[in-house]
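1. let's see this in three dimensions:
(2 chains)
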Amino acid sequence: MPSSQTPSIAGTALDPTSVRPPLNDAEIVRVTPAELRDTLVRLRDEGCSMLLDLGAVDYLERSPRFDVAYHLLAMPAAVTSVAEIGTPRRVRVLAGVPGDDARLPSVVDLWPSADWAEREVWDLFGITFEGHPNLRRVQMPDEWQGHPLRKDYPLRGPATEATPRPAFALKSNVPAGTPPAGKVAEALQRQIARARGQDV
Amino acid sequence: MSAEAPHALEVLEKTGNTMTLSMGPQHPSTHGVLQVIVEVSGETVESLEMEIGYLHTGIEKSAENLFWTQAQTVIERMDYLNPVGNALCYTLAAERLLGITEKIPARAQAIRVVHSELTRISSHCVWLGTHAIDLGAISNFWYAFDIRENILDLVEASGGARMHPNYLRIGGVNGDLPAGWLEQLDVLIEKFPGRMHELRTMLQNNPIWRDRTIDIGIVTPEDAVKWSLSGPSLRGSGIAYDVRKAFPYCGYETYEFDVAVRSEGDAYARFLVRLDEMDESMRIIRQVRERLRTPGPVMVDDPKIVAPPKETIALSMEALIHHFKIVSEGFRVPPGDVYQAIESPRGELGYYLISNGNNRPYRIRTRPPSMYNLQALKQIAIGNLIADMVVMIGSLDPVFGEVDR
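-> Numbers count the residues shown, from 1 in each chain, chains lettered A, B, ... in the order given. All right, here's what the predicted structure looks like:
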């Protein structure tokens, strides 16, 4: 483990969200994975119709290990003025996800915007979303091993076979170290050679 | 497979009337590195899938491993057209965790507002210039970049760098505005209305521009909410949600400005919203200009968070110790979590920031407005012509540093 990983210093909180009164930035609702969908559907029917964001947090030593935070905003789905919107209601739903059974029901059917966000949580934290139509990596290359935003994933390290170099384009995975080819590349190489004073 | 770079637009598959095309990831009008795999029947888009992540640099992971002040450096690089906005949102969130929001000096808040609005204009200038180039109108680019150049000069004068000034700090801003800055700003204020008039004249009533953008990529208010759009993309559909009005920060409630909104929901509506927004930003800047006449402190007076002035370290033991502590191990932020949002040029930029009481942020989750806006293309593009893809992508104004982070 690299030394730059957050050191554990006495006095730091295992679950910071529980040690401090809320800052009134949003209403906070804590749920278990089983209650998640019912809670979100209820909140959506109460008017919190926009799923602003969903993202995960890894509290390595806490049980349950992960929190997935759903940020909801009350937004009328019709033409509205600034005065009608006023200060809309914000709700943050925190779903605790155990580390040994990292699964949550997908909400893509409720909000299509959850698609990439859920894929990102799967990609970077390894939490599976059951019912997601296309749960594959979104930020990291498809063949990547491991989930980088987990706290036990090292910050740096050599690119090994387990962590291959990212493939650049989907259809032309050029092996690392392949020299550039084609007319433009050849012209460029000639130019470099001329600049070095070599015969072309 | 040859090692040549992939073509910008490549036919992947052809069956009957339907063709699958790959657009990007190096297509000039994808405004970054985006691959769109689009299925067309004739010229009509039937379905599309997007590949993102080409610019993923693990900014959130890096930031977790830096001091609170250092993390801001990488965070500024997410949305590279709006570096001040990223830094602003992050510092506001950290200040809320520290409980010093009320103590930030008024002058620091005013400087933040003027920089945030200048960046909004410069970001919209880049959007306007590149969006117009996509549609074959190149002159606008130079006019728009002329304004941007003036703004970057101002940012360089105050922060020291053009693109990523790292000027904002947790607790205020890094040093007062240099002498002559306000006069330099006056030059821009003077010049801006004329330039805006030229930009509008060139496009707003241009028949080609209107033909290419009116009724293209329509988003209904229902779809806008379903796909979590925000910013000009949401306001182009008639929902006047602006974080500066709904959840004011930095004293935005004390400035007079209107929220630009259109109800048509097409690419032209989003274009007009952004143009109006540039005018409104300039209106705010003129108001801040008056407030910036009053001198005052620009950093919160708290030696535990802000190092005392450099010249005092030769005179005071405490100042030297504070300097040493802040430089070598940063400062600690009380444990807790907070969601802070600001109105970035692309919409609601939010940071869900968690501290566990340490000298590094425990977790920074970004709510990237570009990512959600771009994702809606999956629905917006259906039924439109393939030639209009560039219009729709451009009108959503994605920035891939932020989409991929």
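
2. just the pLDDT at residue 172, thanks.
-> Chain wasn't specified; assuming chain A. Per-residue pLDDT puts A:Ser172 at 44.

3. not quite, I wanted chain B
-> Value for B:Gly172, per-residue pLDDT: 89.

4. ok now do it, which residues does it touch?
-> Shown in contact with B:Gly172 (CB atoms under 8 Å, 6 or more residues apart in numbering or on different chains): B:104-105, B:108, B:297-300, B:306. (C-beta placed from N, C-alpha, C; glycine too.)

5. now, those residues that are in helices?
-> B:Ala108 (DSSP state H).

6. make TSV out of the contacts of B:Gly172 and add pLDDT, distance to B:Ile37 and neighbour count.
-> Below are the contacts of B:Gly172 laid out as TSV (pLDDT from 0 to 100; distance: CB to CB, whole Å; neighbours: other CB atoms under 10 Å in any protein chain shown):
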residue	pLDDT	distance to B:Ile37	neighbour count
B:Ile104	91	47	23
B:Pro105	92	51	17
B:Ala108	92	47	22
B:Pro297	88	54	13
B:Val298	89	50	22
B:Met299	89	50	22
B:Val300	87	50	20
B:Val306	86	50	20
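
7. any idea which of the contacts of B:Gly172 is closest to chain A?
-> B:Ile104 (15.8 Å; CB to the nearest CB).

8. may I have the phi/psi pair for the closest one?
-> phi -70, psi 130 (degrees, to the nearest 10).

9. so who does it touch?
-> B:95, B:171-172, B:300.

10. just to revisit the earlier point, between the contacts of B:Gly172, which is closest to B:Ala87?
-> B:Ala108 (12.9 Å; CB to CB).

11. give the contact list for that closest one.
-> Shown in contact with B:Ala108 (CB under 8 Å, 6+ apart): B:172-173, B:297-300.

12. could you do B:Ile239 as well?
-> Counting by CB under 8 Å, 6+ apart, B:Ile239 has contacts A:75-76, A:78-80, A:85, B:221, B:224-225, B:261.

13. residues contacting stretch B:328-336, please?
-> A:12-13, A:16-17, A:19-20, A:23, B:67-70, B:94, B:97-99, B:304-305, B:325, B:354-361.

14. show me which of the residues you listed are buried.
-> A:12-13, A:16-17, A:20, A:23, B:67-69, B:94, B:97-98, B:305, B:354-361 (16 or more other CB atoms under 10 Å in any protein chain shown).

15. among the contacts of B:Ala108, which lie within strands?
-> B:172-173 (DSSP state E).

16. distance to B:Arg162 added to the contacts of B:Ala108, as CSV?
-> Output for the contacts of B:Ala108, formatted as CSV (distance: CB to CB, whole Å):
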residue, distance to B:Arg162
B:Gly172, 22
B:Val173, 17
B:Pro297, 27
B:Val298, 21
B:Met299, 23
B:Val300, 27
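
17. can you tell me which of the contacts of B:Ala108 lies nearest to B:Met163?
-> Looking across the contacts of B:Ala108 and measuring by CB to CB, the closest to B:Met163 is B:Val173, at 17.4 Å.

18. hang on, the closest one packs against B:Val298?
-> Yes - judged on CB atoms under 8 Å, B:Val173 makes contact with B:Val298 at a distance of 5.1 Å.

19. quickly list what's touching both of these two.
-> B:108, B:111.

20. and A:Pro64, its phi and psi?
-> Per degrees, to the nearest 10, the backbone of A:Pro64 is at phi -70, psi 150.

21. since we're on it, how many residues are nearby?
-> Neighbour count of A:Pro64, defined by other CB atoms under 10 Å in any protein chain shown: 17.

22. now do the same contact list for the most centrally placed residue in chain B.
-> Nearest to the mean C-alpha position of chain B, by CA atoms, centre = their mean, lies B:Asn82 at 3.7 Å. Neighbour list for B:Asn82: B:119-120, B:123, B:344-346, B:349, B:399 [criterion: CB under 8 Å, 6+ apart].

23. and for B:Pro368?
-> B:78-79, B:349, B:402-403, B:405.

24. make it 6 Å
-> Shown in contact with B:Pro368 (CB atoms under 6 Å, 6 or more residues apart in numbering or on different chains): B:Glu402.

25. show me which residues of the stretch 301-405 of chain B sit near chain A.
-> Counting by CB under 6 Å from any CB of the partner chain, the residues of the stretch 301-405 of chain B close to chain A are B:335-339, B:352, B:354-358, B:360, B:363, B:365, B:367, B:372, B:375.

26. mind checking which helix or strand A:Leu110 is in?
-> Assigned by DSSP states H and E, A:Leu110 falls within no helix or strand.

27. follow-up on the earlier one: ok, the contacts of B:Ile104 vs chain A, which is closest?
-> Checking these one by one against chain A (CB to the nearest CB), the nearest turns out to be B:Glu95, at 11.0 Å.

28. hmm, B:Thr101 and that closest one touching each other?
-> Yes - counting by CB atoms under 6 Å, B:Thr101 is a contact partner of B:Glu95 at 5.0 Å.

29. between those two, who's got more neighbours?
-> Taking other CB under 10 Å, B:Glu95 and B:Thr101 do not tie; B:Glu95 has more neighbours (23 against 16).

30. which strands or helices does the host helix or strand of that one pack on?
-> Assigned by DSSP H and E, B:Glu95 belongs to helix B:83-98. Under the contact criterion of 3 or more CB pairs under 6 Å, 6 or more residues apart in numbering or on different chains; DSSP states H and E, helix B:83-98 touches helix B:68-75, helix B:106-134, strand B:168-169, strand B:336-344, strand B:347-355.
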